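Peer 1: I'd like to go over a predicted model; first the sequence, then the structure.
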Amino acid sequence: MIRKTGDERRAEIIQSSLELASEVGIAKVSTQAIADRVGIAQATVFRHFKTRNDIFRAVLEFVAGNVFKALEGQMLSDKPADVRLETFIRRHLTMVSKVKGVPRIIFSDRLHVEDPELKKTVQAIVTKLTENISKLVEDGIEEGVFDKNVNPDQMARMVVTLVQGSVIRWSIFDFNYKLTDMADEIWDVIWPALKKK
């Protein structure tokens with residue numbers, strides 16, 4: 001049997017937690033269930049994460065890290081701001097569609113009522129995401145691609161709200177359609193408000 005590194009084992013625990021959350025909901029994701037999924041002892045889970053809530057925070061930070069990498073790639077691109085923003089929305093939805101457990105965590109009582117630290121983690125992620133999108137909108141105004149009367153902060157909040165709302169709806173309907181199909185609808189709402197008049 002090959003001994004895995006701590007990072008490899010943590011990645012397995014995170015991935016298994018995501019899978020279980022999407023399958024049975026966050027309330028039923030116990031450390032024993034995670035251990036069984038990974039094929040390790042429950043004590044090994046606690047060797048890598050002190051509490052169950054630490055696992056969920058790590059899950060959200062892992063997913064957010066991938067989202068921010070995609071956004072950073074768009075920020076650094078030399079393509080026009082409208083292309084960068086639309087591409088980011090599509091990539092964001094594509095990434096979320098691969099991790100169905102995330103909506104189950106974000107819209108759970110555990111986040112909203114039971115674990116203030118988990119809630120703070122999500123608030124920090126949403127704030128950073130909104131700030132980055134606002135900067136992308138500012139770039140578009142400077143480039144002359146977006147209308148100069150657009151409020152970057154307000155538009156960024158609307159983009160995040162449309163994406164999050166689409167994810168909520170997808171989750172409520174048990175993931176029975178392609179989340180990525182919503183990208184066109186989101187862009188059809190955003191682009192008329194953004195484009196130079």
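Peer 2: Perfect, thanks for sending it.
Peer 1: Let me see the ranges of the helices in the protein.
Peer 2: 6-24, 31-38, 42-48, 52-76, 81-97, 101-106, 109, 116-143, 152-172, 182-194 (DSSP state H).
Peer 1: so what does the second one touch, helix or strand wise?
Peer 2: Applying 3 or more C-beta pairs under 8 Å, 6 or more residues apart in numbering; DSSP states H and E, one finds that helix 31-38 makes contact with helix 6-24, helix 42-48, helix 52-76. Every residue, glycine included, has its C-beta placed from N, CA and C.
Peer 1: average model confidence for it?
Peer 2: Per-region confidence: helix 31-38 scores 93 on mean pLDDT.
Peer 1: cool, the fourth one as well?
Peer 2: Along helix 52-76, the predicted local confidence has a mean pLDDT of 80.
Peer 1: buried ones in that helix?
Peer 2: Across helix 52-76, burial judged by 16 or more other C-beta atoms under 10 Å covers 52-53, 55-60, 62-64, 67, 70-71, 74-75.
Peer 1: same question, the second one
Peer 2: Applying a neighbour-count criterion of 16+ other C-beta under 10 Å, the buried positions in helix 31-38 are 31, 33-35, 37-38.
Peer 1: And for the fifth one?
Peer 2: Within helix 81-97, the residues that qualify as buried by neighbour count (16+ other C-beta under 10 Å) are 81-82, 84-93, 95-97.
Peer 1: for it, packing partners?
Peer 2: Counting by 3+ C-beta pairs under 8 Å, 6+ apart, helix 81-97 packs on helix 52-76, helix 116-143, helix 152-172, helix 182-194.
Peer 1: To Gln15, which of those helices lies closest?
Peer 2: helix 52-76 (8.7 Å; C-beta to C-beta).
Peer 1: Hmm, Ser134 and Asp153 touching each other?
Peer 2: Yes - counting by C-beta atoms under 8 Å, Asp153 touches Ser134, with 5.1 Å between them.
Peer 1: circling back: how about a markdown table for the buried residues of helix 31-38, with distance to Ala124 added?
Peer 2: Below are the buried residues of helix 31-38 laid out as a markdown table (distance: C-beta to C-beta, whole Å):
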| residue | distance to Ala124 |
| --- | --- |
| Thr31 | 25 |
| Ala33 | 28 |
| Ile34 | 24 |
| Ala35 | 29 |
| Arg37 | 28 |
| Val38 | 28 |
